[in-house]
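**Q** Sequence and predicted structure, then a few things I'm wondering about:
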Amino acid sequence: MANKSKFQAIRGTRDLLPPDTALWNRVEQTAHEVFTTFGYGEIRTPILQPTELFARSIGAETDVVSKEMYTFLDEMQRVPDPTDFSVSPVDYVDAVQEAIKTGEIPLTASNMNGIARLKSQLELFNARAGENIVEEAQLKFRLAASQIRFGESVSLSPEATASVCRAYIEHNMQQLPQPVKLYYMGPMFRRERPQKGRYRQFYQIGAEILGGSDAPAIDAELIEMLMTFFAKIELQGTRLDINSIGHSAPPVDGKNICRRGYVDALRVALEKVKDKLGADSQRRIETNPLRVLDSKLEHEQPIIATLPRIADHLCDDCKAHYADVKRQLDLRGVGYHENWRLVRGLDYYMRTTFEITATGLGSQNAVCGGGRYDGLVELLGGPPTKGIGFAIGEDRLILSLQEGGKGAAPQGRDVYVAWMGDKTYATAIRAAKTLRNAGFSVELPPVEQKFGKALERASKLGARHALILGEDEVASGQWTLKTLADGSQQKLTEQALLEYLHTASARS
Ligand code: HAM
């Protein structure tokens, strides 16, 4: 059994090691290239974001926000300390106002209230300064002061859509030519039960289109880009599922329509079969009936098959939008499956939703999810803005590629410099420098090795060639290059060596 080391990666997190990281890099490089050809620019947002951002956008009732976020109060030292009576109330309020300006005290709703209370206490305090109830006024003032939070609740990002929308608003991107097309890649955090393809720190590659219109061609081109990327990295067995989940329209003649009308109909139908459903689905009838459609429980499947379908409830606009998304996908030669059960687990979606699965992943087979979220930017305090995007689970993507035999080979070396004798070392260093500058991967042993030992190590490292530099070679300028695969050897000048290696690498 492996020796249990004292420190191990935290449950649900893992180290990514060579040679696997070479595959991660290839995937990311391809994403940079493909997304750039579609006119997207890269955005990097901080991992730490205000908790409220996710609660508002993803939805406070969703699994991600209610159970899975890594959240903590990023509290700073209280300066001045409200219990320090040597600081007068006037000075205290000045300090608080200064801290608001510098951002040390965040302008949350509860802090706004706290500050208003503080100011009215200060007025009271001033008004009664001459009276002998100063102590009571002091205490009330101190109490109001202690309710101001010097810090805020922050969370490790569980996804990036909300952060990208925040950045769009914060940087006035609505003033740029619309739509703004952005992509990102990086770690996300969700406290889920770890299993194959499901981690607590995982990586996403995503893209968002913000602003402009909601033309169905935008939805279709985004999906086309995604499928182009998957084809480029040769992901096997991809399947694209699409759906439209309508929009939350206001009631017409007191009656819910579109998605709300559907949710009503679904709830009624679910109530009728409640007894046959598991505990989770029973609970969801109340909290979020759409999520019942996500159920993977075997015995619920025949029941779900009989439930009402969203397509029969979409309003005319949503129906037309969905029909046109499909036509636009056809125009682009993108194959898809319509899946009326695809509702997605985050609250911000409307109209187009989609998911891509791939082979070799077992139960966690969704390699990408996305959809339209018009209204999210507005919900976060920005102008009315259309939005659509996706995120690929990079860990799952890599797993699927590896299962399909597309794993990276261990990194070999082009050249192992076997130098012997002190007088050859300077030449060996120069040779390594020249070869590396020309783009070859070179191993230069730090201490002299015997010939046999050097060759043994070269072959262990998977080197293709050994450059043998003894005193004779250095004196004559004729270096010996050994090809390890067949043992052949030849003498080459420094210049000829470079040419030879270039030709050899072009052949392989
Ligand atoms: P999501 O469906 O929550 O959507 O996540 C997208 C993808 O991230 C999933 O399909 C899966 O491949 C991967 N993923 C999620 N959780 C884990 C996990 N614990 N371990 C490994 N992989 C995971 C979103 O995050 C949306 N922000 C996507 C989006 C962008 N919608 C519009 N724009």
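**A** All right, it came through fine.
**Q** Walking through the stretch 1-150 of the chain, point out its helices one by one.
**A** Per DSSP state H, counting those that start in this stretch, the stretch 1-150 of the chain carries helices over the ranges 20-37, 51-57, 63-67, 89-102, 109-127, 134-146.
**Q** buried stuff in whichever helix or strand comes after the last one?
**A** Using DSSP states H and E, the helix or strand that directly follows helix 134-146 along the chain is strand 151-156. Of the residues in strand 151-156, those scored as buried under the neighbour-count criterion (16 or more other C-beta atoms under 10 Å) are 152-156. Where you see a C-beta, it was placed from the backbone N, CA and C, and this is true even at glycine.
**Q** before we move on, what about stretch 15-23?
**A** When neighbours are counted by 16+ other C-beta under 10 Å, the buried residues of stretch 15-23 are found to be L23.
**Q** Check stretch 501-508 too.
**A** Within stretch 501-508, judged by 16+ other C-beta under 10 Å, the buried ones are L501.
**Q** Likewise for stretch 26-39?
**A** Residues 27, 30-31, 34-35, 38 are the ones in stretch 26-39 that count as buried (16+ other C-beta under 10 Å).
**Q** One more: stretch 375-393?
**A** By neighbour count, and taking 16+ other C-beta under 10 Å as the criterion, the buried residues in stretch 375-393 are 375-377, 380, 382, 385-393.
**Q** These also near the ligand: which ones?
**A** When the buried residues of stretch 375-393 are filtered against the ligand using C-beta under 6 Å from any ligand atom, the residues retained are 389-391, 393.
**Q** Read off the pLDDT value for the residue lying closest to W340 once chain neighbours are set aside.
**A** Take W340 and drop its neighbours on the chain: the residue closest to it by C-beta to C-beta, 6 or more residues apart in numbering is R309, 4.6 Å away. Predicted confidence (pLDDT) for R309: 96.
**Q** What count of nearby residues applies to R309?
**A** When counting by other C-beta atoms under 10 Å, one arrives at 14 neighbours for R309.
**Q** still on that earlier bit, how about the buried residues of stretch 375-393, which pair is most distant?
**A** The most widely separated members of these, counting by C-beta to C-beta, are G382 and G393 (27.5 Å).
**Q** Pick out the residue in the stretch 251-400 of the chain sitting closest to the ligand.
**A** With distances taken as C-beta to the nearest ligand atom, the stretch 251-400 of the chain approaches the ligand most closely at G393, which sits 2.1 Å away.
**Q** which SS state does the nearest residue to that residue once chain neighbours are set aside fall under?
**A** The spatial neighbour of G393 that comes closest, neighbours along the chain excluded (C-beta to C-beta, 6+ apart), is V367 at 5.8 Å. Using DSSP: H, G, I helix; E, B strand; the rest coil as the criterion, the local structure at V367 reads strand.
**Q** which regions of the stretch 1-150 of the chain lie under the pLDDT threshold?
**A** With pLDDT under 70 as the threshold, the stretch 1-150 of the chain has low-confidence stretches at 1-5, 79, 129-134.
**Q** Find the closest residue to the ligand in it.
**A** As assessed by C-beta to the nearest ligand atom, the ligand sits closest to V64 within the stretch 1-150 of the chain, at 6.8 Å.
**Q** tally of neighbours for that residue?
**A** Using other C-beta under 10 Å, V64 has 19 neighbouring residues.
**Q** Please apply the same query to L467.
**A** For L467, the number of neighbouring residues by other C-beta under 10 Å comes to 26.
**Q** show me what contacts it?
**A** Applying C-beta atoms under 8 Å, 6 or more residues apart in numbering to L467 gives the contacts 415-418, 431, 479-481, 497.
**Q** so which helix or strand takes in the residue minimising distance to the centre of the chain?
**A** The residue at the geometric middle of the chain, judged as the C-alpha nearest the mean C-alpha position with C-alpha atoms, centre = their mean, is Q204 (3.3 Å). Counting by DSSP H and E, the element that carries Q204 is strand 201-210.
**Q** residues in the stretch 101-250 of the chain within reach of the ligand, list them.
**A** Counting by C-beta under 6 Å from any ligand atom, the residues of the stretch 101-250 of the chain near the ligand are 159, 161, 190, 192, 197-199, 202, 204, 206, 208.
**Q** Let's have these in a markdown table, adding pLDDT.
**A** Supplementary listing: these in a markdown table, determined by pLDDT from 0 to 100:
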| residue | pLDDT |
| --- | --- |
| E159 | 98 |
| T161 | 98 |
| R190 | 98 |
| E192 | 96 |
| G197 | 94 |
| R198 | 96 |
| Y199 | 98 |
| F202 | 98 |
| Q204 | 98 |
| G206 | 98 |
| E208 | 98 |
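**Q** sorry, back to before: reformat the contacts of L467 into CSV and put secondary structure next to each item.
**A** Formatted as CSV, those follow (three-state DSSP):
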residue, secondary structure
V415, strand
Y416, strand
V417, strand
A418, strand
A431, helix
W479, strand
T480, strand
L481, strand
L497, helix
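**Q** Is it possible to mark the buried ones in the residues you listed?
**A** For the contacts of L467, burial is judged from neighbour counts taken by 16+ other C-beta under 10 Å, and it is met by 415-418, 431, 479-481, 497.
**Q** quick one, what contacts the closest residue to L397 other than its chain neighbours?
**A** The shortest distance from L397 to any residue other than its chain neighbours is 5.4 Å, reached at V367 (C-beta to C-beta, 6+ apart). By C-beta under 8 Å, 6+ apart, V367 lies in contact with 235, 238, 356-358, 361, 392-393, 396-397, 400.
**Q** Can you flag which of the residues you listed belong to helices?
**A** Secondary structure from DSSP state H places 396-397, 400 of those in helices.
**Q** Most neighbours of all the residues you listed, which one?
**A** Sorting these by how many neighbours each has (other C-beta under 10 Å) puts L397 first, at 27 neighbours.
**Q** Quick check: it touching Q236?
**A** No. No contact is recorded between L397 and Q236 when judged using C-beta atoms under 8 Å, the distance being 11.2 Å.
**Q** what is in contact with those two at once?
**A** Counting by C-beta under 8 Å, 6+ apart, the shared contacts of L397 and Q236 are A358.
**Q** Helices - which of the buried residues of stretch 375-393 land there?
**A** Going by DSSP H, the helices hold 376-377 from those.
**Q** Filter the buried residues of stretch 375-393 down to the ones in strands?
**A** Within those, membership in strands is found for 387-393, as judged by DSSP state E.
**Q** Compile these into a markdown table and extend it with columns for pLDDT.
**A** Output for those, formatted as a markdown table (pLDDT from 0 to 100):
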| residue | pLDDT |
| --- | --- |
| G387 | 98 |
| I388 | 98 |
| G389 | 98 |
| F390 | 98 |
| A391 | 98 |
| I392 | 98 |
| G393 | 98 |
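**Q** Now distance to A144 too, for these, in TSV please.
**A** Shown next, in TSV, are these (distance: C-beta to C-beta, whole Å):
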residue	distance to A144
G387	40
I388	45
G389	43
F390	47
A391	43
I392	49
G393	47
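**Q** how close does the residue of the stretch 251-400 of the chain closest to the ligand get to D472?
**A** Between G393 and D472 the distance is 57 Å, computed by C-beta to C-beta, to the nearest Å.
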